[in-house]
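Chemist: Sharing a model prediction with you, sequence too.
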Amino acid sequence: MIQRYRTYGELLTELRARLGFVAQGPSANNSKAVMDSFLREAHEYVYTQIEPSPMRKKTVIALEQGSYLYDWHNDEEDEDINPGLVLSVWLIDGKNRYKMVQGINERQREDDSRSQPTRYDTLNGQIELWPVPDRPYGLLVEYIASKPRFVEASDRPGVNDQLVLLYAIYMAQVHYRHPSYQATSASFNTLLAKEKARQHENRRYFVNDPEGAAGEVVGSNGAYRYVVR
């Protein structure tokens, strides 16, 4: 879904067009800083309002012979990995894979022998491996993605791009005292309500009945009902 959202650069271009800055030619560059601010703040606000479900991801980091430190980074998606949100780490050796054990003690660090790595840890913000790889391997990292970066032209928002754009337009219209800000606010709030309902569609929420019977709240088509299990 995120890959279908418009990029930061595309949204910035449309934001400036909707506000009439394109017609000003080169002088429109003077507004870039404030436009960036509106767009980034809009992404932050919408993300906290939607609270999207955590996204589970996997990436493979190429290991090199003799190198035991690597960045916590998904190179394919140019995304940093929060070590605290890592679910599992596996060593890939050809068609086989082996689950890595977390934790490296000081005695193991003093051992500079090279062989197939079996343990990992975080050292100065990087992945530390032990033993030192004796040849190339793959390191499969399964993790929960944090809120995506939204600062570079190619970055994509982690939530509905139209919501981000509408809120950025609204903030800009208020800033520049444009009279149509109220209509933009109404459109944003309507779309936000629909997006929130969609986020909870068909989710199940388990609760305890006051009389002791276990049950769940089931959402469907915008309606919710309590079902005793």
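Modeler: Yep, that arrived. Just so it is clear, the structure is predicted and the values come from calculations on it, not from any experiment.
Chemist: where exactly do the helices run in the chain?
Modeler: Remark: helices assigned in the chain by DSSP state H are 8-18, 32-50, 106-110, 161-175, 181-199.
Chemist: Not counting sequence-adjacent ones, nearest residue to residue 91?
Modeler: If the residues on either side of it in the chain are set aside, residue 91 comes closest to residue 98, at 4.8 Å by CB to CB, 6 or more residues apart in numbering. Placement of C-beta: from N, CA and C, glycine included.
Chemist: okay but that neighbour is in contact with residue 89, surely?
Modeler: No - look at residue 98 against residue 89 with CB atoms under 8 Å: they stay out of range, at 10.0 Å.
Chemist: quick one: which of those two has more around it?
Modeler: Using other CB atoms under 10 Å as the criterion, residue 98 and residue 89 rank with residue 89 on top: 20 against 13.
Chemist: Tell me if I'm right that the more buried one and residue 139 touch.
Modeler: Yes - with contacts counted by CB under 8 Å, residue 89 reaches residue 139, the gap being 6.6 Å.
Chemist: Neighbours of residue 49, how many?
Modeler: If you count neighbours by other CB under 10 Å, residue 49 ends up with 13.
Chemist: whoops, I mixed them up, residue 100
Modeler: Residues near residue 100, counting by other CB under 10 Å: 21.
Chemist: before we move on, what about residue 34?
Modeler: The number of residues packed near residue 34 is 13, by other CB under 10 Å.
Chemist: How much space separates the residue nearest to it when sequence neighbours are not counted from residue 197?
Modeler: Nearest residue to residue 34, sequence neighbours excluded (CB to CB, 6+ apart): residue 175, at 7.4 Å. Applying CB to CB, to the nearest Å, the value for residue 175 to residue 197 is 30 Å.
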